[in-house]
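[1] give me the fold of what follows.
(2 chains)
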Amino acid sequence: MLRLVWLHKTENERRVMIARGKNASDLFPAVVKNVACKNIEVKKLVYVYLVRYAEEQQDLALLSISTFQRGLKDPNQLIRASALRVLSSIRVTIIVPIMMLAIKEAASDMSPYVRKTAAHAIPKLYSLDPEQKDCLIEVIEKLLADKTTLVAGSVVMAFEEVCPERIDLIHKNYRKLCNLLIDVEEWGQVVIINMLTRYARTQFLNPNMNEGGGEKKKTEATAIVRRKPYVMDPDHRLLLRNTKPLLQSRNAAVVMAVAQLYFHLAPKAEVGVIAKALVRLMRSHSEVQYVVLQNVATMSIKRRGMFEPYLKSFYIRSTDPTQIKVLKLEVLTNLANETNISTILREFQTYIKSNDKDFVAATIQAIGRCATNIGEVRDTCLNGLVQLLSNRDELVVAESVVVIKKLLQMQPEQHSDIIKHMAKLTDNIQVPMARASILWLIGEYCEHVPKIAPDVLRKMAKTFTNEEDIVKLQIINLAAKLYLTNSKQTKLLTQYVLNLAKYDQNYDIRDRARFIRQLIVPTDKSGALSKYAKKLFLALKPAPVLESPFKDRDHFQLGSLSHLLNAKAGGYQVLPDWPEAAPDPSVRNVEVKESVRAVETVTARDRGPLGAPQNQRGQSSGEDEKKSEKKSKPRIGSSESESEEDNDSESESSESEEESEEESEEEIKKKKKTHTHTQRDKTHTFYIGVQMFATICKPAWLNMQFLLNPLPVSVPQTIVPSGNLKTYELLHRITGEGLSVEYCFSRQPFSPDPHMVAVKIQFTNSATSEAKSLHVEDAKLQSGMRIKEFPEIEVLPAGETVSVVMGIDFCDSTQAANFQLCTHTRKFFVSIQPPVGELMMPIFMTENEFKKEQGQLMGMNEITEKLTLEEKCQGEHAIVQRVTTAANLSRVPCGSDKECRFAGKTVTSGSLVLVSVVTKENGAAQLTVNCEKMVIGTMLVKDILQALTQ
Amino acid sequence: MIHSLFLINPSGDIFLEKHWKSVVSRSVCDYFLEAKEKALEPEDVPPVIHTPRHYLISIYRDKLFFLSVIQTEVPPLFVIEFLHRVAEMIQDYFGECSETVVKDNMVMVYELLEEMLDNGFPLATESNVLKEMIRPPTILRSVVNTLTGTSNIGDTLPTGQLSTIPWRRAGVKYTNNEAYFDVVEEIDAILDQSGTTVFAEIQGVVGACVKLSGMPDLTLSFMNPRLLDDVSFHPCVRYKRWESERVLSFIPPDGNFTLMTYHVNAQNLVAIPVYVKQSISFFESGSGGRLDVTVGPKQTMGKTVEGVMVTVHLPKTILSVNLTATQGSYTYDNGTKLLVWDIGKLNPQKLPNLRGSLSLQAGAPKPEENPSLNIDLKIQQLAISGLKVNRLDMFGEKYKPFKGVKYITKAGKFQVRT
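    Below you'll find the model as predicted:
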C-alpha cells in the first residue's frame, strides 16, 4: 500500500516534469507538500520544480523554506549543501535575509563542498538583491582565503560576478591561486585564468616595453637607452609558469584561456608556445574551430611569425562549413608574406574553383589584400583577377571588379587596357556594386580612356532610370567628371542625366544632382566653390587600404564573447593597459608559514609518481602528500569511504582554523596547568579506589569506566566540585553588570545526549539586586553543532552562586559555540570554545585491543613527534597526570614501563583517539597520536607536547 | 553564466528546455531559428548569435541543436565545451544522443542537467561523479525500481566531488580486472590532382577502457615517445612526469575515457596508405561527362587496407550517373548529389575501379569545378606513425590486471582534389 503511494507520487512528479513546457504552476501547492518527503528522487524533483515555479508562486514557496533551514543544520554535508543550493535558487525577495545568513554560515562550514555551494549561492543572491553587495564581498573575501581547490573556482566566479573591480582582494591570494590552479576543476581554471590575466595587467610591467614599435625605438632611442633593464616580477613569472601545463588540457576553453593569457601577458619570445595548442584545437568540433579561428585571426595580425610554421593547417577543405572557410582564408591572408605568397596564391587558385560562391567571393577579396600588402605579386594577382572577369558566374566577376578597382587605384597609369576591358563589361554585369565600381574607375581615369568614357556615359544615360541607387550616384559622378574634363562632348549628356536625377525618387540622388549642378554648371549665381570644382572632383585620391576586419580587435580580451562579437557584451571587464610603473609587489606577500603551505599543496596531480606502494608510507612531510596516499588506498564499501571523505573534508577545512586557534589554545593550556597541579598525584592512581576518587575529582573517563563495568553508579552532575578543573570566564562581572559567569568542562558524560560535551556553568550574582530568568537564547552555531540548554534559572538572589550543566555538540571541531545569555533585563553575547582535549571521552581498552586499533590507524592517521621531557615530568606518574589533564583520555594498561598508553574517542562521531608516550634515556621521548580525524590528531599532539615539555 | 538550455531538432521544434536562473521565454529561439533558415547546411548556422537582450551560443551535434542562452560576458568556448559535454553525457548514459532518447528519458535528463550546472556554472561534469549521483538506467534496474519504488538517485555525496581526483569514483570492484587501450590514428591529408601531397598530418587518440578495482596507479610508456609532438591529456595524467620522463602516469577514471590525444611531429613524412587515380571530365558541349576512379595501396606497411570508401559530392547540375564498379558497390543519391562507393578490402592484385558516364541536366552549363573525393579507410593493428606502447605497469593494487593494446589507423579528413 505504502509502496503504491510512493509510486503514485513519483509518477505524479514525472508528469509534472513532462509538462515542463506548459505552465504547471497550478500543481504548485500539491507538489510543495512533498518537499519534506523522504524519497530522495522525489525530493530532488520537487527541488527542480520548486526552483522553476517559486518566482510565480512566492507565497506558497515560502512554505517550504523551513524545510531547507532545517536541512542547513543537517550533519550530512550533502544535505546541507543541497539545502543551501535550493534555498539560494528560490528567487523570492522576502527570503533575502535568510539566504544571507545561510550563506554566511555555510562559508565557514567544515565541509569544502558546502563552502563551494556557498560560493555558488553568492551570485544568486546578488542578482536577486544587489544591495547585499557589501555583505557578500565580506563573504567572498573570506572564501577567497580558502585553501581548497574545490572552492577556488567557484569563489572566483562569484568575485567576477559581484565585485570584479575589487582587485585588491586578490593580492593576498594571488600566489595561492597560481599554485592551486592545476588542481582546480576545468571550469574553475577558465574563470581563474581570465581573472588573473586582468589582475596581472594592473600589477605588473609590460614585458615587451623595451621592444616597443620599431620606428618609435629609433626615434626615441636616446631616451630609452637610459631606461633601466626590465626584470620580470617573480609573481608574473609564477603565473606564466603555472599556466603553461594547462595548454595540454583536454578542455578547449582552458587551452584558449591560457593562450589569451600568454598573448596578453607573456614576453614576445615566449608567446610562440600557444600556437601549437591552438592549432590542435582546430581538429575539434566545428564550433570550437570557429571560435579558435576568430582568435587566431586576431593574433596572427600582431604576431604573424607565431603561426607561420602551421600555415598548412589552415588550408581549406571542400567539406568545411562556409564560416570556417572564410575564417581560415582570413588567417591565410594574414600570414602571407614574400616567402610564402606563391604557395598561398596557388592554394587560392584552387579555392576560386569552388562551388561555394560566398567563399569564392571571399577568396577574391583575400587575393586583393595579398596584392596590396605584398608589392611583388601585385601584377600577378591583377592578371589573375582580370582572367576571372571572363568567369561565367556573375558574382565572381562582380567581386573581381570591386577588388580590381581597388588595386588599380594604386597605379592606374599602367593599366589603361584593363580599364578599357572593364568598360566593356558594363554591358553584361548586372551586380550593382560591380557596375558602380566600373563607372567610378572610368570617371576617375577618364583621361586614360578619352574615347570610351563618353560612350559609356551615353549608354548609362539610356538606362539611368532602371539602375540601382548606388549605380545612379556613380553615373552622376561620372557625368560630372566628364563635364569638367571633356565638356564639349558631354555637356548635353550631363544635363540630361542631371535632369533625370532631379526627378528621381530617392532624395539622396536628387540632392546629389542639385549639388553637382550648382558646382559644375556655371551660372551667374554660382558661388566661389565652382571655381574649384575641378580640384574637388579630380583630386588625387589616396589608394584604399585593404585591412583585415580583425585588426585592432585585440583591445578586447581574447577568447571573450566581446572579442568574438567585436562589441562590448554586458558584464565585460575591460582589459586594462599595462601600468607605467609597477605597483608595490609586496601587497602579495603573505606570512611565510602560509606561503610555504601553498607551495606544498601545489599539485596532487603533478606531484610525480607515487612510486611503489611500500614507499608511500611515512615518507611524506606535507599534509597533502598524506591525503593522496590515502586516496590511493583501496576502499571497501561505500560507507567507509564516505566517512573517510568526511574526515578529509574536515581536515582540509580546518587547516586554516588551526593556525588561529593554536595560539589561543596555548594560552589556555598555560592557565590550565596551574590549576591542575593539585590534582596531579591523584589522577594517575586510577585503578585504586575508583569509587572514592570519583566523587572527589571525577575525570570523565572514570565515569565511562563505571558505565562499562556493571557497577550501577549514578553521579549527580551539579555537585561536582569544580576547583580542580580549569575554569574559563564566560562573562566578566563588569560587563555582566554584577553577574559573572564562568564555565568549565566537567568531563562527565552529558546524560540527555551522549554526543554532547558537558559544560558546567557557574553563575555568581555579585550585584545588589537579584537576577531573574537566566536562560540561553538565539544560539548562532556552525552548522552541525547543537546545544542543549540548561533549564532556566528563575531567580538568582544577590550574592548567591549557582551551577548548571549544559550540553554542546561541537561536531568534533574546536569552533566556538556562540549564543546569547539572557537575564530578565539584558542579553549578553557569549561564546564557548573547547580545547581539543575536551572533545573526547575516555574509553576502556585492553592492551591487545589498543595494539590492534593502533595498527589500523597508520599512515596519515598517525602523527609522531620526538620530544624531551621536562625534568619534573620524567616519571610515569607525571606523564600520565599531564596527559590526562591535557586531554580527556583514559590510561590503557601496558606491559612495559617505558610506555604509557591512553585511549579515548571523540564525543560526536566516536572516532578513536589513541595516544602513546614512549620514554627513552635522558628524558627523550616519543609521542604518537593515532586518530582518524587528522585535525584532532594534529591539535592534540600540540597540546600534549606542550603539557609534557613545560 | 549559462542561463538556459534548449534542445532543438532539425525541423526547428524545441523539445526540451531547462533554465538555471529565471525563466527565459522560448521565443528567444526565434532568432536562432531565423539564422537556421538562412543557412544552407545545419553546420553553417553561426555558433554565436547576438540578439537584443541575449546571446545565443549553439552547437550542432548528432543532428540536434544544443542552444544555450547567455546574458553576460562569458568565454564562448566555455559554453561550447560545456554543451558538448552535455551531449557526451547523454550519449554516455543512454547509448546514443537523439531526440527519441532524450524524450524517453526526460526525467533523468532533467536530473542530470540539474546536477551539471548550478546557477549556470558547471558543478559536476565528470561522468564518474554523475553516475554515482544518478545511476544510468539498465533494464534490470528499471524493473527493480518499478517494483520496489526505489530510485536511481544516490543519496550519498560522490566521493569524487571532494577529492583531488574527482574523475574516479570510490569503491570500484571488479572480478575481472582489465585495462584496454586503443591507439587510434587518423590521417588528415589533402592530395592534389596529380597525387602529390599538399598537406598531411597524423592525429592520434589513446582511448582507454579501464575496469580495475580499488585505486590503481598506472604508468604507460611508449617505445618512441619522441614521435609525439603535441599532446593533450585527460586531467588524470600527471603532467610533470610526462615532461621529465615521457611516460603517462595516472590514476584512471573508471570505465571508458580518452587518455590523451596527440599530434605526430610535423617533420616526419606521413605515409599515405593509398593512392587514387582519377579523372572526372565534363564534355564542352555540356551534355555530360566521364568519371574514372581507381584506388590502390601505397605505403601500407604490409597490412591490408580495409573499409575503403570513396565519397564524392557531385555538382548540383548532375542529372544521373551510370557507372560500373569492379569491386564493391556504389550508391548515388540524386537529392543530395552524393556518390558513395563502398569498396571494402583493397586487393593489390586486382585494383578496384569505378567508371562510367555522368549526365547533366539539359541546358546546364559545364560545371566549373571538379568535385573532390573524400576517402575513408581503416588499417587494423597498425599505427601509421609507428607509435608503439612499451609497457603498462600498475602500482597501488595487489591483483594482476589483464592488459591489452589495440592499434588502428583510419582516414581522418582525407581529401583528393580533382
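
[2] going forward, measure contacts and count neighbours with C-alpha atoms only.
    OK.

[3] show me the shaky parts of the chain.
    In the absence of a named chain, this looks at chain A. Along chain A, the parts satisfying pLDDT under 70 run over A:1-42, A:210-229, A:412-413, A:523-529, A:544, A:591-724.

[4] think we crossed wires, I meant chain B
    Where chain B drops into low confidence, which here means pLDDT under 70, it does so at B:138-164, B:265-268, B:286.

[5] mind giving me the domain split of it?
    Here the domain parsing of chain B from the TED database is B:2-148, B:178-270+B:384-416, B:274-380.

[6] to A:Met282, which of the ones you listed lies closest?
    Nearest to A:Met282 among those is domain B:178-270+B:384-416; the distance by C-alpha to C-alpha comes to 11.5 Å.

[7] so does the closest one get close to chain A?
    Yes: with C-alpha under 8 Å from any C-alpha of the partner chain as the threshold, domain B:178-270+B:384-416 lies in contact with chain A, specifically through B:190, B:199, B:213-217, B:230-241, B:249, B:260, B:263, B:395-397, B:415.

[8] start to end distance for that domain?
    Across domain B:178-270+B:384-416, the straight-line distance between its terminal residues is 41 Å, by C-alpha to C-alpha, to the nearest Å.

[9] state the phi and psi torsions of the nearest residue to B:Glu126 once chain neighbours are set aside.
    What sits nearest to B:Glu126 in space, not counting adjacent residues and going by C-alpha to C-alpha, 6 or more residues apart in numbering or on different chains, is B:Trp167, at 5.8 Å. The phi/psi pair for B:Trp167 (degrees, to the nearest 10) reads phi -80, psi -10.

[10] B:Trp167: neighbour count?
    Applying other C-alpha atoms under 10 Å in any protein chain shown, we find 24 other residues in the vicinity of B:Trp167.

[11] cool, and B:Ser25?
    When counting by other C-alpha under 10 Å, one arrives at 10 neighbours for B:Ser25.

[12] that one and chain A: what is the separation?
    Distance of B:Ser25 to chain A, computed by C-alpha to the nearest C-alpha, to the nearest Å: 10 Å.

[13] the residue in the stretch 151-300 of chain A that chain B sits nearest to: what's it in contact with?
    Taking C-alpha to the nearest C-alpha, chain B has its nearest neighbour within the stretch 151-300 of chain A at A:Gln248, 4.2 Å off. The contact partners of A:Gln248, by C-alpha atoms under 8 Å, 6 or more residues apart in numbering or on different chains, come to A:Val255, A:Ala277, B:Val231, B:Ser232, B:Phe233.

[14] can you check B:Glu369 too?
    When contacts are counted by C-alpha under 8 Å, 6+ apart, B:Glu369 is found next to A:Lys353, A:Ser354, A:Asn355, B:Pro315.

[15] what's the spacing between it and B:Leu40?
    Relative to B:Leu40, B:Glu369 is positioned 19 Å away (C-alpha to C-alpha).

[16] kindly report the same for A:Leu101.
    Separation of A:Leu101 from B:Leu40 (C-alpha to C-alpha): 54 Å.

[17] just A:Lys302 next, same as before
    In this structure, A:Lys302 lies at 34 Å from B:Leu40, with C-alpha to C-alpha as the measure.

[18] and B:Thr125, by the same measure?
    With the distance defined as C-alpha to C-alpha, B:Thr125 ends up 33 Å from B:Leu40.

[19] how about residue 397, nearest residue that isn't a chain neighbour?
    Went with chain A since none was named. Beyond its immediate neighbours in the sequence, the residue positioned closest to A:Val397 (C-alpha to C-alpha, 6+ apart) is A:Leu389, lying 4.8 Å away.

[20] that's the other chain; I wanted chain B
    Leaving aside its sequence neighbours, B:Glu397 sits nearest to B:Pro216 (C-alpha to C-alpha, 6+ apart; 5.6 Å).

[21] list the contacts of A:Leu575.
    Contacts of A:Leu575 were listed using C-alpha under 8 Å, 6+ apart, and they are A:Arg198, A:Arg201, A:His555, A:Phe556, A:Gln557.

[22] who wins on neighbours among those residues?
    Going by other C-alpha under 10 Å, A:Gln557 tops those with 26 neighbours.

[23] doesn't it lie inside a helix?
    No: the assignment for A:Gln557, made by DSSP: H, G, I helix; E, B strand; the rest coil, is coil rather than a helix.

[24] that one reaches A:His563, doesn't it?
    Yes: under the contact definition of C-alpha atoms under 8 Å, A:Gln557 touches A:His563, with a separation of 6.5 Å.

[25] how about the stretch 351-500 of chain A: which residue is closest to chain B?
    Minimum separation of the stretch 351-500 of chain A from chain B (C-alpha to the nearest C-alpha) falls at A:Lys353, amounting to 5.2 Å.

[26] how about the contacts of A:Gln248 in TSV, adding distance to B:Gln203 and neighbour count?
    Putting those into TSV (distance: C-alpha to C-alpha, whole Å; neighbours: other C-alpha atoms under 10 Å in any protein chain shown) gives the following:
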residue	distance to B:Gln203	neighbour count
A:Val255	18	27
A:Ala277	13	22
B:Val231	10	20
B:Ser232	11	24
B:Phe233	14	22
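
[27] so which of those residues comes closest to A:Arg826?
    Closest approach to A:Arg826 among these (C-alpha to C-alpha): A:Val255, at 60.3 Å.

[28] for A:Ser88, give me its contacts.
    Contacts for A:Ser88 (C-alpha under 8 Å, 6+ apart) come out as A:Met99, A:Ala121, A:Lys124, A:Leu125.
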